[in-house]
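> Predicted model and sequence below, questions to follow.
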Amino acid sequence: MMSSRSHASRFHDGTIEPGARGPILRDDDGMCWRLGFVDETTANGLKGRVRVRGRIVEVDRIEVEYVEIQDGA
């Protein structure tokens, strides 16, 4: 049986959207993840196209280690 938790960090590309519980990353296939940041101030003002490095810690949540803004947002 495969676990929904991933212990390896990966890059996830997509667009940031506002969510009721914080920013959401939507990839080009329409998959969405809530983004969790160690330092919540990192999420302030985050928008547009990004590349996120982090671990999927729940089916719908990524624990973010690093964010690279791709479109100058």
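That came through fine. Just so you know, these numbers come straight off a predicted model, no measurement behind them.
> could you list every residue that touches the residue lying closest to Gly36 once chain neighbours are set aside?
For Gly36, ignoring the flanking residues on the chain, the nearest one in space by CB to CB, 6 or more residues apart in numbering is Glu63 at 5.0 Å. C-betas here are computed from N, CA, C, even on glycine. When contacts are counted by CB atoms under 8 Å, 6 or more residues apart in numbering, Glu63 touches 36, 54-55, 57.
> quick one: average confidence on the longest strand seen in the chain?
When secondary structure is assigned using DSSP state E, the longest strand within the chain turns out to be strand 48-58. Looking at strand 48-58 alone, the average pLDDT works out to 93.
> What strands line up against that strand, and which way round?
Applying DSSP bridges, strand 48-58 is found paired with strand 10-17 (antiparallel), strand 61-69 (antiparallel).
> Now do the longest one: distance to the chain's middle.
From the chain centre to the centre of strand 61-69 is a distance of 5 Å (CA atoms, centre = their mean, to the nearest Å).
> Could you check that strand and say which residues are buried?
Counting neighbours by 16 or more other CB atoms under 10 Å, one finds that the buried residues in strand 61-69 are 61-64, 67.
> Put together JSON lines for the residues you listed, with distance to Gly19 and pLDDT on each row.
Written out in JSON lines, the entries for these read as follows (distance: CB to CB, whole Å; pLDDT from 0 to 100):
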{"residue": "Arg61", "distance to Gly19": "11", "pLDDT": "94"}
{"residue": "Ile62", "distance to Gly19": "13", "pLDDT": "94"}
{"residue": "Glu63", "distance to Gly19": "16", "pLDDT": "94"}
{"residue": "Val64", "distance to Gly19": "14", "pLDDT": "93"}
{"residue": "Val67", "distance to Gly19": "16", "pLDDT": "91"}
